[in-house]
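Asks: Just to be clear, the model below is a prediction. Sequence and coordinates:
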Amino acid sequence: MDQVKATTAFVASSSSHVVVDSAGIEKAVENIQGKIPKIEWDFEGIHYFDNGPLTVQYLFVLDTLNFCFWPDKKLSYDDLASGLKEALENDKSVFDADHLQKFTGLQLRNLLKWPRPLPLEDERIRLLHEVGFELERSFGGKASNLVQSCGRSAAKLVATIASHFPGFRDHSVYKGHQIFLYKRAQIFAADLYGAFKGQGYGEFNDISSITIFADYIVPAMLWKLGVLKYSSALASIIESNKEIASGSEEEVELRACSIYAVEKMRDLISVKLGKQVLSVELDLWLWAYGVQNPSLPHHRTLSIYY
Ligand SMILES: Nc1nc2c(c(CN[C@H]3C=C[C@H](O)[C@@H]3O)cn2[C@@H]2O[C@H](COP(=O)(O)O)[C@@H](O)[C@H]2O)c(=O)[nH]1
């Protein structure tokens, strides 16, 4: 996690298209007035939960596929979470490692009851195969063993996932430097923490080391709050729904500056309000408000990472 914090700080200090506005941060923190709106994990009531290892398997599959919904105007994260939940309720073996290795695009589509190909469907299938294969090879087929092997450390969980599963290596090269963002690996740790309410598979002694999950909703919310400012060229690209290339300076800045800005918000909350807040809590607040504002323009990048 130190790499995520250090490298995103480097982007924020070198950025050309996005500015992290300290006055905007001050204002956002003042407006919070000591109360970070408390959002319940699963506030939408769409996730599978049985308090056991099958929930861990469900969340790992969910976060393997937790990216790029926007190219289909109707598809959202909720369709994925609730579709996978229903599939698991109908067949408890659906996400067994041997099944994951054999999934086809059509099967995944049918499982989610989606009438047309999913965005980046071939990549989704490749990633399911990769996860099934590596879970079987190194963790007895079970995501719960992967979690248990990390001894209640969220940072170790993120590092272990990144080292075993290439599809989770959410890195970019920016102005010659490697930048670490790890959205889906971190959100898996946060989902465990949220679903199991910090107990059992969700107990981590270092949950405060996790940063926000740099997707396309949180940057849009930070922009709306005045925490992020865009160059006029970037603002017009986002407002006109033009695609931004994966790995471009603009894309890396949007994501990295979001992580850095929320870390700065945490620091300021600690100094001004004497409270320690988790990035997980700030992320859920920002994301929940962001998705409830569908008119909020967000950047569009074809990516398997978010
Ligand atoms: N930063 C952040 N990004 C998140 C989530 C979640 C869902 N987390 C669940 C966990 C607990 C809650 O109960 C949530 O339901 C999805 N995303 C991202 O949003 C985008 C989808 O948007 P749209 O196309 O409108 O559905 C896409 O990039 C997706 O990867 C989050 O929590 N934080």
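Replies: Right, received. Where do you want to start? Numbers count the residues shown, from 1 in each chain.
Asks: Up against the ligand, what does the stretch 201-306 of the chain have?
Replies: Applying C-beta under 6 Å from any ligand atom, one finds that the stretch 201-306 of the chain approaches the ligand through Ile212, Phe213, Asp215, Tyr216, Ile217, Val218, Asp283, Leu284, Trp287, Val291, Tyr306. Placement of C-beta: from N, CA and C, glycine included.
Asks: same thing but 5 Å
Replies: Phe213, Asp215, Ile217, Val218, Asp283, Trp287, Val291, Tyr306 (C-beta under 5 Å from any ligand atom).
Asks: Out of the residues you listed, which one has the weakest pLDDT?
Replies: Checking pLDDT across these, the minimum falls on Val291 at 93.
Asks: Do I have it right that it meets Ile217?
Replies: Yes. Between Val291 and Ile217 there is a contact under C-beta atoms under 8 Å: 5.9 Å.
Asks: which of the two has more neighbours?
Replies: More neighbours surround Ile217 than the other of Val291 and Ile217, with 22 against 16 (other C-beta atoms under 10 Å).
Asks: mind listing what the closest residue to that one other than its chain neighbours touches?
Replies: Ranked by C-beta to C-beta, 6 or more residues apart in numbering and with sequence neighbours excluded, the top spatial neighbour of Ile217 is Gly290, at 3.9 Å. Gly290 sits next to Ile217, Val218, Ala220, Met221, Leu296, His298 when contact means C-beta atoms under 8 Å, 6 or more residues apart in numbering.
Asks: got a winner among those residues for most neighbours?
Replies: Most surrounded of the contacts of Gly290: other C-beta under 10 Å gives Val218, at 28 neighbours.
Asks: can you put the residues of the stretch 201-306 of the chain next to the ligand in JSON lines and add secondary structure?
Replies: Output for those, formatted as JSON lines (DSSP: H, G, I helix; E, B strand; the rest coil):
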{"residue": "Phe213", "secondary structure": "coil"}
{"residue": "Asp215", "secondary structure": "coil"}
{"residue": "Ile217", "secondary structure": "coil"}
{"residue": "Val218", "secondary structure": "helix"}
{"residue": "Asp283", "secondary structure": "helix"}
{"residue": "Trp287", "secondary structure": "helix"}
{"residue": "Val291", "secondary structure": "helix"}
{"residue": "Tyr306", "secondary structure": "coil"}
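Asks: Go through stretch 234-252 and flag the buried ones.
Replies: Leu234, Ile237, Ile238, Ile244, Glu249, Glu250, Glu251, Val252 (16 or more other C-beta atoms under 10 Å).
Asks: Please read the previous query as pertaining to stretch 26-41.
Replies: For stretch 26-41, by 16+ other C-beta under 10 Å, it's Glu26, Ala28, Val29, Ile32, Ile36, Ile39, Trp41.
Asks: quick check, nearest of those to the ligand?
Replies: The closest of the buried residues of stretch 26-41 to the ligand turns out to be Trp41 (C-beta to the nearest ligand atom; 4.7 Å).
Asks: Isn't Asn66 up against Asp78?
Replies: No. Checked against C-beta under 8 Å, the pair Asn66 and Asp78 is beyond contact range at 11.5 Å.
Asks: how far away is Leu112 from Phe69?
Replies: When distance is defined by C-beta to C-beta, to the nearest Å, Leu112 is 11 Å away from Phe69.
Asks: so what's in contact with the two at the same time?
Replies: With C-beta under 8 Å, 6+ apart, Leu112 and Phe69 have common neighbours Asp79, Leu80.
Asks: re the thing from before, return the member of the residues of the stretch 201-306 of the chain next to the ligand nearest to Leu128.
Replies: Using C-beta to C-beta, the shortest approach to Leu128 within those belongs to Tyr306, at 17.3 Å.
Asks: Tell me who's in contact with that closest one.
Replies: Contacts of Tyr306 (C-beta under 8 Å, 6+ apart): Asn66, Phe67, Cys68, Asp170, Lys183, Arg184, Phe213, Ala214, Asp215, Tyr216, Arg255.
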